[in-house]
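# This is a predicted model, with the sequence first.
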Amino acid sequence: MIFFWQEAERILRTRNSFKANLSIKKISIIWNILWKQGYTMNKKTAIAIIAIVLIAGLLIKGKNVLQERKAQIANASLPQKEEIGINLIEPRQGTLQNKVSYLAHIEADKSIMLSTKLSGYIEHITVKESQKIHKGDLLVRIDDKELRSEIDGLETTHAQQKSDASLAKSIYDRNVKLYKVGGLAREQVDISRVTMQNKEAIAANTKQKIIRLNHQLSYLQILAPFNGVVDAIMLHEGDLAIAGKPILSLSNGEKKLVFSYAPGNVPVKEEQKVFVGKEKVGEIKTIYTTAQNGLMRAETGNTPSLSLPSGSTLTVEVLKEESQGCILPNDTIVHNKEGNFIMAYTEGSFTAMPIKLLMQNNNESLVEPCPHTPVAQANESKLGQLPFYGKINISGTVHE
């Protein structure tokens, strides 16, 4: 029994796992021999021996794991600070433009729908779509036979009424002469005068009807009201033209741009320049006083350089602001709750320099004060950590 306690104590004290394993094996062999020979011991003693052996085994295993971990830590290399590359940008003096993009529609500067004032069947259309026209050109002729027949009848009636009025005037003139020599009573002269005046009024009334019908006759020949282009023809020969129903549409051949926008910090104003790409195509001429679909609307003046047809859409840029000063790319600026900063490079290190943003577009910013040293260019998260990096490779200095 004393042997078992001595071996267990040796296991706990040894620092050599190999020797501890030998002691455990030795205890196991002797235990088996004694067991086979009938050796007995009390229950408490057996439990104590078994517990000591198990605890010793666990301690040996834990000790081995701890030694292996210490060896790994001792052999591991020390971490190195991250090495990064960065571009430096020299600020430049120049003019910065703030352009805002909008989706615009090309519309005719002047466009009208032509219709007839009098109903009738279309007899002839003298033009075709996209044809250029001049003011006064005949565009549409509507059947005028019925109206001309009425005019002819009135002219015949008017001729007869003129003859009656002429005869009545002759009778009146004769009666006046007879009255002067005492051959006719005053009453007869007055009657002849009234008769003459009535017949003259009837003839004059008929004449006015003829004039009015001739004027209406002009409504059946539709003429071009201005120089321009035929955009569309809605009715054709043989169709019944009804008063107020469009027959064709015209435009003056000039184009304008119309776009919608939501009010912003920098408003859209009249006379602001409008660009398509890099080409200036016009200026804002009108700001509409009424909204459409909840949006403000504006239009440019005549834009002769546009080759697209009316009804087309394209993206335009409105020059809202333009100013001169110190210009830096947007990816050189750090924004945080304390303000706006740039990372100025001086004597091999980066320092945060506070700045004020005067104007900004999609790519560049106008700032003050203007730095006199190069500044770092990178994404904002990297810029904010530049003072904490170890080694930094400077890729080069770019002159804006």
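Yes, it's here.
# Poorly predicted segments of the protein, please.
1-54, 56-65, 72-85, 265, 389-400 (pLDDT under 70).
# Point me to the helix or strand that includes the closest residue to E270 other than its chain neighbours.
Among residues not flanking E270 along the chain, I284 sits closest, at 5.3 Å (CB to CB, 6 or more residues apart in numbering). Bear in mind the C-beta positions are built from the backbone N, C-alpha and C, glycine included. Using DSSP states H and E, I284 falls within strand 279-287.
# Quick check: end-to-end length of stretch 170-190?
14 Å (CA to CA, to the nearest Å).
# Please, where are all the helices along the chain?
In the chain, the segments counted as helices under DSSP state H are 2-13, 17-36, 43-75, 145-180, 186-219, 380-384.
# Put the alpha carbons of the last one into PDB.
It stands for helix 380-384. Extracted in PDB, the C-alpha atoms of helix 380-384 (Å, rounded to 0.1, in the frame of the first residue of the first chain):
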ATOM      1  CA  GLU A 380     -12.300  58.500 -46.500                       C
ATOM      2  CA  SER A 381     -11.800  55.700 -44.000                       C
ATOM      3  CA  LYS A 382      -8.200  55.300 -45.000                       C
ATOM      4  CA  LEU A 383      -7.600  59.100 -44.900                       C
ATOM      5  CA  GLY A 384      -8.800  59.300 -41.300                       C
END
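# buried sites along it?
K382, L383, G384 (16 or more other CB atoms under 10 Å).
# hmm, who's touching the strand holding I284?
Contacts of strand 279-287 with the rest of the structure, by CB atoms under 8 Å, 6 or more residues apart in numbering, involve 256-257, 268-275, 296-303, 305-306, 316, 318.
# Go again with 10 Å.
Under the contact criterion CB atoms under 10 Å, 6 or more residues apart in numbering, strand 279-287 has outside partners 104, 109, 255-259, 261, 267-276, 296-306, 314, 316-319.
# Mind giving me the PyMOL command for buried ones among the residues you listed?
With 16+ other CB under 10 Å as the burial test, the buried ones among the contacts of strand 279-287 are selected in PyMOL as follows:
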select buried, resi 104+109+255+256+257+259+261+268+272+273+274+275+276+296+297+298+299+300+301+303+306+314+316+317+318+319
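# what distance separates stretch 374-392 from the centre of its chain?
Counting by CA atoms, centre = their mean, to the nearest Å, stretch 374-392 is centred 35 Å from the centre of its parent chain.
# ditto for stretch 152-161
The answer for stretch 152-161 is 68 Å, by CA atoms, centre = their mean.
# And stretch 100-115, by the same measure?
17 Å.
# now swap in stretch 365-380 and tell me
30 Å.
# how many neighbours does the residue nearest to E270 have?
Neighbours of I284 under the rule other CB atoms under 10 Å: 20.
# beta partners of it?
T300 (DSSP bridges).
# quick one, domains of the protein?
If you go by automatic domain parsing, the domain ranges for the chain are 2-75, 86-95+323-399, 100-108+250-321, 119-143+221-249, 144-219.
# Report the distance from the fourth one to the chain centre.
Spelled out, that is domain 119-143+221-249. 38 Å.
# What is the end-to-end distance of it?
18 Å.
# wouldn't E317 be in contact with K273 here?
Yes - taking contacts as CB atoms under 10 Å, E317 lies within contact range of K273: 9.0 Å.
# hey, what's in contact with both of those two?
Q97, K99, K280, V281.
# Closest one to S192 out of these, please.
Distance to S192, by CB to CB, is smallest for V281 among the shared contacts of E317 and K273, at 78.3 Å.
# so how far is N302 from the closest one?
Applying CB to CB, to the nearest Å, the value for V281 to N302 is 10 Å.
# With D137 instead?
Counting by CB to CB, the gap from D137 to N302 is 23 Å.
# cool, and I89?
According to CB to CB, I89 and N302 sit 42 Å apart.
# Then L114?
According to CB to CB, L114 and N302 sit 22 Å apart.
# same question, T157
Note on T157: its distance to N302, by CB to CB, is 54 Å.
# likewise K199?
Remark: distance between K199 and N302 (CB to CB) = 60 Å.
# Show me which of the buried residues of helix 380-384 is closest to S365.
Lowest distance from S365 to those (CB to CB) belongs to L383, with 13.9 Å.
# so that closest one touches M343, yeah?
Yes - with contact defined as CB under 10 Å, L383 and M343 form a contacting pair (5.3 Å).
# what's the overlap in contacts for those two?
Residues touching both L383 and M343 (CB under 10 Å, 6+ apart): I86, T332, I333, V334, F350, A352, V375, A376, Q377.
# ranking those by neighbours, who comes first?
Counting neighbours by other CB under 10 Å, T332 comes out on top of these with 27 neighbours.
# and that one, what does it touch?
Per CB under 10 Å, 6+ apart, neighbours of T332: 87-89, 91, 341-344, 355, 364-365, 367, 371, 374-378, 380, 383, 400.
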